[in-house]
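>>> Sequence isn't available, so here's the structure alone:
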């Protein structure tokens, strides 16, 4: 019972944070221009930010700032910029991955065409830096620049991870080692979902309180966020195969239709016979519309046979526990274990790696 | 004779500036990563910056900084970031416009595929901000943030101009008023080619010398740069129809194959018969591979008949003269008319609007 109440509290907190950050973003973005074409650009830029989502990254930043004694209002703009980051990069991601849907609606390029959507992504990207520059009035120029640098790092990591994943698809590469998969996921997902949100939150708190061992702390947050982000992404991929379609917002088995290299797939390909391997990679290499549902189910069955889904769940659990244990060490090291924010972040970490939709 | 010698000096200056800025950019960009896929991302990011170009935008920034008493070394990073801006945005532009060639070689997405090229453009975009953040060590945080804000403005304007042009193509719009064309060109070309390079140069000089009437000066540079940029873009489009193929780096008549809305085309469509208009727009609306060379030549002939190319040249000349006169007023107002930099900028302005390749 207690866990359920806590989860509801967490859900309420996430949703109220998200609401506040969304309205901050939408107030900041331009609305209308006397020129019709430019107005339609503005409409495109506002599209994904108006579609919602969980707001995990923004909330993470707000919570880590509070945990270390920072003020919520100091971190709002940066948390909103994190949400903006996700929105512009998803516009480009959806084009790169040829995704048709985003949050239950047609992807931006399906609504407006690819060319203008690439451009709208760039325009929204620009607005992210502009929003971050407005930090100066609250944080001063020095800290504002530190925040900007963290966004640069985050973007470097994310584009490197994206390149890894795209290259595997483009070059039909199936022999992927688990360690390459982990590097890809760390770069593509962990940095912008976990590592940078926590680092940014702590940086923002430094406006109110000096942290004893700043550099070491920043390193610890990379280690912690890597474990958490890897666990999060593996579970995200597992859910794509196992979630209840009524609760799940995306297309069940969509990753198999996309030929996405997941931990389950890598595990299965390493264990199945060479005949099976040939068949699976032939199916997954087909263009999406040519994939038969029965073929996709056969791949899923093979994963079951080889215990690949169980393996992925166990791996995620392992990373999640490593992350929680690092978190407990870190909070006790800074004497923050008993604070309410500390409990909430812990709950959020558990939720990220054990949610069922 | 004198003009020729001066032009050679200018060409030498542009090329030596470009060389310095290119090596700054290429030294800054990452080279190699132990992961093969990430190394190939780095290779893609270094591709356009290694292809050369005239480096007009970077030189413009260096010269305006010197003109107002700034030091060359204060403006090098920012001038290099302007070149980086052009490089990443051209990667995306070439995808959006479906261009096959860039500086005589296959466009990036023709070499590496569209998906990874969109991502490489984003990665290079991130590096532009990172380079600008390294300004802090030389310029201090306050001025660095002003420079970053100007880049945000420049990106807003450029993406708005790009959206206008892309929308006209996507929606097969041919009834374009000259004033809409001018707004598009101002946003898409004048801002990043003329306005921001000059404003950035002057901002950078403020590190060494206070400018009496800064805000008014910044406004004047918008007006001057608009006239110059419009003249530059019109002449750029004229050259696409009239240049000597031996000197011209791009595909002659390529704009007609692309169906690009140019001043010549708008002028001609306003003057030809409705039967001719129907035929021209039918030809230009066809997908590129379906356009016959004879059809393209027929459109070109019609432009000749209606004096549209002459009209465009006269319009460019008019804007160019307005720009030069604004420049003379501005330099005399600040007592800078006799300086060597002042002469060089004037030559560069003349070159930009009267070059024959």
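Received the coordinates, thanks. From a predicted model like this one, the values you see are computed outputs, not experimental measurements. Numbering: from 1, shown residues only, chains lettered A, B, ... in the order given.
>>> can you pull the buried residues of the helix or strand of chain A with the lowest mean pLDDT?
For chain A, counting by mean pLDDT, DSSP states H and E, helix A:2-28 ranks last in confidence among helices and strands (a mean of 86). Within helix A:2-28, the residues scored as buried using 16 or more other Cβ atoms under 10 Å in any protein chain shown are A:6, A:10, A:13-14, A:17-18, A:20-22, A:24-25, A:28. For the C-beta atoms, the positions are set from N, CA and C on the backbone; glycine is no exception.
>>> Now the element after that helix, going C-ward?
helix A:36-47 (DSSP states H and E).
>>> what mean pLDDT does the next helix or strand after that next one have?
Using DSSP H and E, the helix or strand that follows helix A:36-47 in sequence is helix A:56-67. Averaged across helix A:56-67, pLDDT comes to 97.
>>> what helices or strands is helix A:56-67 leaning on?
Helices and strands touching helix A:56-67, by 3 or more Cβ pairs under 8 Å, 6 or more residues apart in numbering or on different chains; DSSP states H and E, are helix A:2-28, helix A:72-96, helix A:196-205, helix A:340-354.
>>> List the buried residues for the last one?
This means helix A:340-354. If you call a residue buried by 16+ other Cβ under 10 Å, then helix A:340-354 has these buried ones: A:341-342, A:344-353.
>>> Please apply the same query to stretch A:169-176.
A:169, A:174, A:176.
>>> Secondary structure class of the second one, three-state.
Classification of residue A:174 using DSSP: H, G, I helix; E, B strand; the rest coil returns coil.
>>> Not counting its neighbours along the chain, what's nearest it?
Closest residue to residue A:174 apart from its sequence neighbours, by Cβ to Cβ, 6 or more residues apart in numbering or on different chains: residue A:281 at 4.8 Å.
>>> Can you report how many residues neighbour the one you found?
17 (other Cβ atoms under 10 Å in any protein chain shown).
>>> Can you pick out the most distant pair from the buried residues of helix A:340-354?
Within the buried residues of helix A:340-354, A:341 and A:353 form the most distant pair, 19.1 Å apart (Cβ to Cβ).
>>> Which one of the buried residues of stretch A:169-176 is nearest to chain B?
residue A:169 (8.0 Å; Cβ to the nearest Cβ).
>>> one step back: which one of the helices and strands packed on helix A:56-67 lies nearest to chain B?
helix A:72-96 (4.0 Å).
>>> Which parts of that closest one count as buried, going by neighbours?
A:74-96.
>>> Also stretch A:297-310?
Buried residues in stretch A:297-310 (16+ other Cβ under 10 Å): A:299-300, A:302-303, A:306, A:308-309.
>>> These in helices, which ones?
Within the buried residues of stretch A:297-310, residues falling in helices by DSSP state H are A:299-300, A:302-303, A:308-309.
>>> need the contact list for the residue nearest to residue A:174.
A:172, A:174, A:269 (Cβ atoms under 8 Å, 6 or more residues apart in numbering or on different chains).
>>> and of these, the nearest to residue B:243?
Distances from residue B:243 to the contacts of residue A:281, taken by Cβ to Cβ, are shortest for residue A:172, at 42.8 Å.
>>> Would you mind giving the buried residues of stretch A:297-310 as JSON lines with distance to residue B:289 and pLDDT added?
Shown next, in JSON lines, are these (distance: Cβ to Cβ, whole Å; pLDDT from 0 to 100):
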{"residue": "A:299", "distance to residue B:289": "38", "pLDDT": "96"}
{"residue": "A:300", "distance to residue B:289": "42", "pLDDT": "96"}
{"residue": "A:302", "distance to residue B:289": "43", "pLDDT": "96"}
{"residue": "A:303", "distance to residue B:289": "44", "pLDDT": "97"}
{"residue": "A:306", "distance to residue B:289": "48", "pLDDT": "96"}
{"residue": "A:308", "distance to residue B:289": "46", "pLDDT": "97"}
{"residue": "A:309", "distance to residue B:289": "47", "pLDDT": "96"}
